[in-house]
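> fold the following and give me the result.
(one chain, ligands or ions: 1)
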Amino acid sequence: MRLRISQIAVRLNYSEADVIKAVCRQLRCKPEQLDNLEILRRSIDARKKDQPPKYVLTAEVDHRGKPPHQQPGRIERAPAPVPPFSPAPPFSPSAAPPVVIGAGPAGLMAALTLAEAGHKPLLIERGAETPDREKQVASFWNSGSLDVESNVLYGEGGAGLFSDGKLTARSKDRERIRRFFETLVSCGAHPDILIDAMPHIGTDDLTNIIPAIRNRIWERGGACAFNSRFEGLIIENGAVRGVVASGKEIRTDAVFLATGHSARDVYRKLHADGVPLEAKPFAVGVRLEIPQQRIDEAQYGKWANHPNLGAASFRLTRREENNARRCYSFCMCPGGEVISCASSEGMLTSNGMSLSARAEPFGNAAFLVPVEISDYPSTDILGGIAFQEELERKAFIAGGSNYGLPAARLIDFLEGKCSDLPAGRSCQRAIPAVLQELLPEFVSHTLHSAIPGMLGELNGTPLEEALLYAAETRSSSPVRILRGPGGESEIKGLYPCGEGAGYAGGIVSSALDGMKLAELFALA
Ligand SMILES: Cc1cc2nc3c(=O)[nH]c(=O)nc-3n(C[C@H](O)[C@H](O)[C@H](O)COP(=O)(O)OP(=O)(O)OC[C@H]3O[C@@H](n4cnc5c(N)ncnc54)[C@H](O)[C@@H]3O)c2cc1C
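Numbers count the residues shown, from 1 in each chain. Model (predicted):
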């Protein structure tokens, strides 16, 4: 009988023999009764500060002999494997292949799924292929020269290319997550992502993996057009009949729109063309940076720096009073850097990234405050974009009008002033600024009252060591492109997907959304 065993505790540098021994203890059996051990999941338990952290595993194993007594959540019969997604080849391949717009996680995975299902998608991306994009981004970070079509937010790999590559997912869609991770591994990601509870890839590995996914789309009969900007839909009688990209008409009956939430020109064009949209709440704030050693010590105590542990992360949330707004940490980048991002002239936002080793001396995370639709300057559906743009314009000017990031020591922010910045910081192109002047009052008030207490939860990290960068404005989409249960907009043949459609957030959920819509199309 194949069994699934959970809560298997082993030391950090465990061997397979350790796991077998622990499983035998749990099942009260002998090693000879076990076969085909497979570790499914691995998380670190560092709660007991007086004992070394350990791994807690979930594994499946074939067990011979009298079936052991099952205990829910500890010893259970393994569920039957889910059959892989394998649609029959298209019955009558359409003369006009489906078009996917945007080569971020959603668009790439939608295009790959379509290609694997026998359709021959055309993937259109406004930015450049990875190697060219890397040069453009390096030049932006070094000298502030912005290419508005290909940058940290636009280009092959989408917004997540220069990122920590955290693969956290709240989704319960384990089967699609598994397929996405297996695709990443077969394209070069470390197989540990298949089992780690908090997997991450890192920018240096992503820049190899993403082109490998694109090559796979090619190999399966798809095509990719880089440096090609979607300019609008061709709509006839309430149905998509094609798209216009960089001045060229391309006829198709199916468009997967995966343009992310930075493409404000796309929202404006869709709105003008009558595609149903709605405003949605999001969040803004700052990016906070502290020495990584503080985070490691807070999470691992005296075991910090253990070679098997790596850089620790945190997730914090705080509400000062019952009816006050919440402040929460988001998109933590352990051992990473704070980066400046822009996709339009004169506007700027902060974010974070890490390399696969997560070995830089600082860790950073966004500290965000929710923004409600009623906070927008207008009741217009695109009011959230106007809200973001106002913040980003102020940040650009405060950052020296050259894409440097406005920054302040936390202690200065708390006193409403600005002084010099510490030389030890990850983002060198940072300019001292009074951050209160850049943020809406309710945001700076919430950050002001919540951050000291939040750092207190992090083992009392000294406030003097924290640096803030502003403004973090693009944590999620302020607009939703409405779609029905089949994934289609009211405009027939239009499949809005990924973060920009407002149904996903983060690399994994955006990729899953792209896959799901492509599957719905392929199976229809
Ligand atoms: C710096 C940074 C770090 C991040 N770190 C993480 C992380 O560690 N983990 C995580 O889960 N999430 C992270 N995120 C968020 C994550 O990147 C996004 O949630 C995810 O990329 C959204 O995927 P998407 O495919 O929906 O959109 P996007 O990734 O935004 O991709 C959209 C693509 O569409 C293209 N496009 C836009 N307009 C047009 C047009 N008119 N014509 C043609 N192409 C167009 C863009 O160039 C872009 O390539 C990070 C984001 C940033 C900016």
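
> for residue 497, phi and psi?
The phi/psi pair for residue 497 (degrees, to the nearest 10) reads phi -140, psi 160.

> so it touches residue 513, yeah?
Yes: in terms of C-beta atoms under 8 Å, residue 497 counts as a neighbour of residue 513; the distance is 4.8 Å. Placement of C-beta: from N, CA and C, glycine included.

> and these two? which has more neighbours close in?
Using other C-beta atoms under 10 Å as the criterion, residue 497 and residue 513 rank with residue 497 on top: 31 against 28.

> ok, that one - contacts?
Neighbour list for residue 497: 106-107, 110, 256-258, 487, 503-504, 510, 513-514, 516-517 [criterion: C-beta atoms under 8 Å, 6 or more residues apart in numbering].

> the ligand contacts on the stretch 351-500 of the chain?
For the stretch 351-500 of the chain, the contact set with the ligand under C-beta under 6 Å from any ligand atom comprises 351, 353, 498-500.

> give me the buried entries from the residues you listed.
351, 353, 498-500 (16 or more other C-beta atoms under 10 Å).

> okay, and which of the residues of the stretch 351-500 of the chain next to the ligand map to strands?
351, 353 (DSSP state E).

> tabulate the residues of the stretch 351-500 of the chain next to the ligand in JSON lines, adding columns for pLDDT.
Shown next, in JSON lines, are those (pLDDT from 0 to 100):
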{"residue": "351", "pLDDT": "98"}
{"residue": "353", "pLDDT": "98"}
{"residue": "498", "pLDDT": "98"}
{"residue": "499", "pLDDT": "98"}
{"residue": "500", "pLDDT": "97"}
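
> so can I have CSV of the residues of the stretch 351-500 of the chain next to the ligand showing distance to residue 367?
Output for these, formatted as CSV (distance: C-beta to C-beta, whole Å):
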residue, distance to residue 367
351, 13
353, 17
498, 25
499, 20
500, 24
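
> who are the packing partners of the longest strand seen in the chain?
For the chain, the longest strand by residue count, based on DSSP E, is strand 34-45. In terms of contacts (3 or more C-beta pairs under 8 Å, 6 or more residues apart in numbering; DSSP states H and E), strand 34-45 is packed against strand 2-10, helix 16-27, strand 54-63.

> between those, which gets nearest to residue 455?
The closest of the helices and strands packed on strand 34-45 to residue 455 is strand 54-63. By C-beta to C-beta, the value is 27.2 Å.

> and the closest one, which residues are buried?
Those would be 54-61, 63, for strand 54-63 by 16+ other C-beta under 10 Å.

> quick one: list the elements packing against the helix or strand following it.
Next helix or strand after strand 54-63 toward the C-terminus (DSSP states H and E): strand 75-77. Judged by 3+ C-beta pairs under 8 Å, 6+ apart, strand 75-77 is in contact with strand 2-10.

> hmm, who's touching the strand it packs on?
18-19, 22-23, 26-27, 36, 40, 45, 54-63, 68, 73-79.

> got it, and stretch 409-428?
So stretch 409-428 is in contact with 288-289, 336-340, 360-362, 364, 405, 407-408, 430, 432-436, 444, 447-448, 451-452, 455, 463-464, 466-469, going by C-beta under 8 Å, 6+ apart.

> do the same with stretch 71-88
1-7, 26-27, 60, 68-70, 113, 117-118, 175, 179, 519, 522-523.

> that stretch: how far from the chain's middle?
Between the centre of stretch 71-88 and the centre of its chain there are 27 Å (C-alpha atoms, centre = their mean, to the nearest Å).

> ditto for stretch 214-224
With C-alpha atoms, centre = their mean, you get 24 Å for stretch 214-224.

> kindly export it (C-alpha atoms) in CSV.
C-alpha atoms of stretch 214-224 as CSV (Å, rounded to 0.1, in the frame of the first residue of the first chain):
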residue,chain,number,x,y,z
ARG,A,214,10.4,30.4,-24.7
ASN,A,215,12.5,27.9,-26.7
ARG,A,216,10.1,25.1,-25.6
ILE,A,217,7.2,27.2,-27.0
TRP,A,218,9.1,27.4,-30.3
GLU,A,219,9.9,23.7,-30.3
ARG,A,220,6.2,23.0,-29.9
GLY,A,221,5.3,25.1,-33.0
GLY,A,222,4.6,28.5,-31.3
ALA,A,223,6.2,31.8,-32.4
CYS,A,224,7.4,34.8,-30.4
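
> only the buried residues of it, if you could.
214, 216-217, 220, 222, 224.

> in CSV, list those residues along with distance to residue 203.
Formatted as CSV, these follow (distance: C-beta to C-beta, whole Å):
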residue, distance to residue 203
214, 17
216, 21
217, 21
220, 26
222, 25
224, 21
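
> from the residues you listed, which land in helices?
Judged by DSSP state H, helices contain the following of the buried residues of stretch 214-224: 214, 216-217.

> so where is the protein shaky, pLDDT-wise?
Residues of the chain that meet the criterion pLDDT under 70 lie in 88-95.

> how is it carved up into domains?
2-77, 99-279+478-523, 282-472 (automatic domain parsing).

> let me have those in TSV, extended by distance to residue 85.
Shown next, in TSV, are the domains of the chain (distance: least, C-beta to C-beta, whole Å):
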stretch	distance to residue 85
domain 2-77	20
domain 99-279+478-523	6
domain 282-472	29
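
> let's verify residue 406: helix, strand, or coil?
strand (DSSP: H, G, I helix; E, B strand; the rest coil).

> count of residues packed around it?
Neighbour tally, residue 406, other C-beta under 10 Å: 28.

> show me the contacts for it.
Here residue 406 is in contact with 395, 398-399, 430-433, 435, 438, 469-471 (C-beta under 8 Å, 6+ apart).

> any idea which of the ones in helices among the buried residues of stretch 214-224 is closest to the ligand?
Set against the ligand, the nearest of those by C-beta to the nearest ligand atom is residue 214 (11.6 Å).

> the residue nearest to the closest one when sequence neighbours are not counted: what's it in contact with?
Leaving aside its sequence neighbours, residue 214 sits nearest to residue 224 (C-beta to C-beta, 6 or more residues apart in numbering; 5.8 Å). Contacts here follow C-beta under 8 Å, 6+ apart; on that basis residue 224 touches 103, 111, 122-123, 125, 214, 217-218.

> now residue 224: how far from the ligand?
11 Å (C-beta to the nearest ligand atom, to the nearest Å).

> can you give me the helices in the protein?
Under DSSP H, the chain gives helices at 16-27, 105-116, 130-143, 174-186, 203-219, 264-272, 292-300, 383-398, 410-415, 441-457, 507-523.

> determine which stretch of these is the most buried.
helix 105-116 (a mean of 30; mean count of other C-beta atoms under 10 Å).

> and that helix, what other elements does it pack with?
Checking 3+ C-beta pairs under 8 Å, 6+ apart, helix 105-116 ends up next to strand 99-101, strand 122-124, helix 174-186, helix 203-219, strand 255-257, helix 507-523.

> try it again with 10 Å
strand 99-101, strand 122-124, helix 174-186, helix 203-219, strand 223-225, strand 255-257, helix 507-523 (3 or more C-beta pairs under 10 Å, 6 or more residues apart in numbering; DSSP states H and E).

> would you list these in a markdown table and tack on distance to residue 314?
What follows is those, written out as a markdown table (distance: least, C-beta to C-beta, whole Å):
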| stretch | distance to residue 314 |
| --- | --- |
| strand 99-101 | 36 |
| strand 122-124 | 37 |
| helix 174-186 | 23 |
| helix 203-219 | 21 |
| strand 223-225 | 38 |
| strand 255-257 | 35 |
| helix 507-523 | 20 |
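
> cheers, nothing more for now.
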